[in-house]
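Peer 1: structure, please.
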Amino acid sequence: MRKSLVFISFLFLVFIANAQEPLLTPQQMPNPIHFLPPPPDTGSAAFAYDQAQYQWGLQQRQDSLRGAIAYNDANWRIEYICQIFSEPFGMELSKTKTPAIYHLLYVALITNDGVGRLPKKHYKRIRPYVFYSEPSLVPHDEDELRHNGSYPSGHTIEGWSAALLLSELNPDRADTILARGYMYGQSRVIAGYHWQSDVDAGMIAASAGIARLHADKRFQRLLKKAKREYARQSRCH
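Peer 2: This next block holds a predicted model:
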């Protein structure tokens, strides 16, 4: 009996470990290097727009509410993602309240994170706060991200991926869900960590990654469970 319990516990731990892993490797995901243009050259009109948007971001920091949102949106953890999307989604999203939706988001987001890794390393684009040698809105992240590529925005990939998935689960509230996803990306411009073109590329990269995930049978099973859970939960509200 003891050996059986130990073996069952081992299998459970293996299952949990596998559940935390990405469904696909970065090499299996769409590569933005092949379908998006490179970051704008510093002498281009597109970069002039990036610079104008950087100034816009500085102005947004003067709004205490928007500045606070941008500061908090530096948080990329799944718990925070669930927190900020709960209100636009129309119900509390959490590991305990909506475990299937939580698991779908967790696995999809860690997988879709791979979409941005290759172009970040390839282009090694300098971040705005480094380019201007000015303080960002989130100073405690500056040293860690100083040498991390800016293009495309990884935060935007995460936020827009979550918005797309949650909009699919609850299409009646898609407008508010997508608005929050867009805000999450723009927070990175306001914080000084990304150019506008980084954020725009992040939204496209996220959409490509989510499309790729829909072709994966394991993802399809997770999505189906999440849809069933949402149907049950929505009847209770």
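Peer 1: only C-alpha atoms from now on, for both contacts and neighbour counts.
Peer 2: Will do.
Peer 1: helices of the chain, start to end?
Peer 2: Applying DSSP state H to the chain gives helices spanning 2-19, 32-35, 45-60, 64-72, 78-89, 99-112, 114-123, 128-131, 142-145, 154-169, 174-191, 196-213, 217-236.
Peer 1: tell me which of the ones you listed lies nearest to P26.
Peer 2: Of all those, helix 114-123 sits nearest to P26, with 4.3 Å by Cα to Cα.
Peer 1: which secondary structure elements does that closest one contact?
Peer 2: With contacts taken as 3 or more Cα pairs under 8 Å, 6 or more residues apart in numbering; DSSP states H and E, helix 114-123 sits against helix 32-35, helix 196-213.
Peer 1: ok now do the closest residue to A208 other than its chain neighbours, which residues does it touch?
Peer 2: Of all residues not flanking A208 in the chain, P30 sits nearest, at 6.5 Å (Cα to Cα, 6 or more residues apart in numbering). Remark: with contacts taken as Cα atoms under 8 Å, 6 or more residues apart in numbering, P30 is in contact with V115, A205, A208, G209, R212.
Peer 1: for these, which one is nearest W56?
Peer 2: Using Cα to Cα, these come closest to W56 at A205, 23.9 Å.
Peer 1: for that closest one, report the pLDDT, please.
Peer 2: Looking at A205, its pLDDT reads 98.
Peer 1: that one: how many residues sit nearby?
Peer 2: 29 (other Cα atoms under 10 Å).
Peer 1: for the residue nearest to L169 when sequence neighbours are not counted, grab the count of nearby residues.
Peer 2: The shortest distance from L169 to any non-neighbouring residue, by Cα to Cα, 6+ apart, is to K227 (5.9 Å). Other residues within reach of K227, judged by other Cα under 10 Å, total 18.
Peer 1: tell me which of the helices and strands packed on helix 114-123 lies nearest to S44.
Peer 2: Per Cα to Cα, nearest to S44 of these: helix 196-213, 12.2 Å.
Peer 1: for L178, which non-adjacent residue is spatially closest?
Peer 2: Spatial nearest neighbour of L178, excluding adjacent residues (Cα to Cα, 6+ apart): A163 at 5.3 Å.
Peer 1: what sits against the one you found?
Peer 2: A163 neighbours (Cα under 8 Å, 6+ apart): F85, I177, L178, R180, G181.
Peer 1: now with 10 Å, please.
Peer 2: Each residue near A163 by Cα atoms under 10 Å, 6 or more residues apart in numbering is listed here: 81, 85, 88-89, 105, 157, 169, 174-182, 184.
Peer 1: do the same with N170
Peer 2: F89, G90, L164, I177, K227, Y230, A231, S234.
Peer 1: hmm, the fifth one is touching S167, no?
Peer 2: No: counting by Cα atoms under 10 Å, K227 does not reach S167; the two are 11.2 Å apart.
Peer 1: ok so, going back, from I101, how far out is the residue nearest to L178?
Peer 2: 12 Å (Cα to Cα, to the nearest Å).
Peer 1: what's the closest of the contacts of N170 to A45?
Peer 2: For the contacts of N170, the nearest to A45 is L164 (30.2 Å; Cα to Cα).
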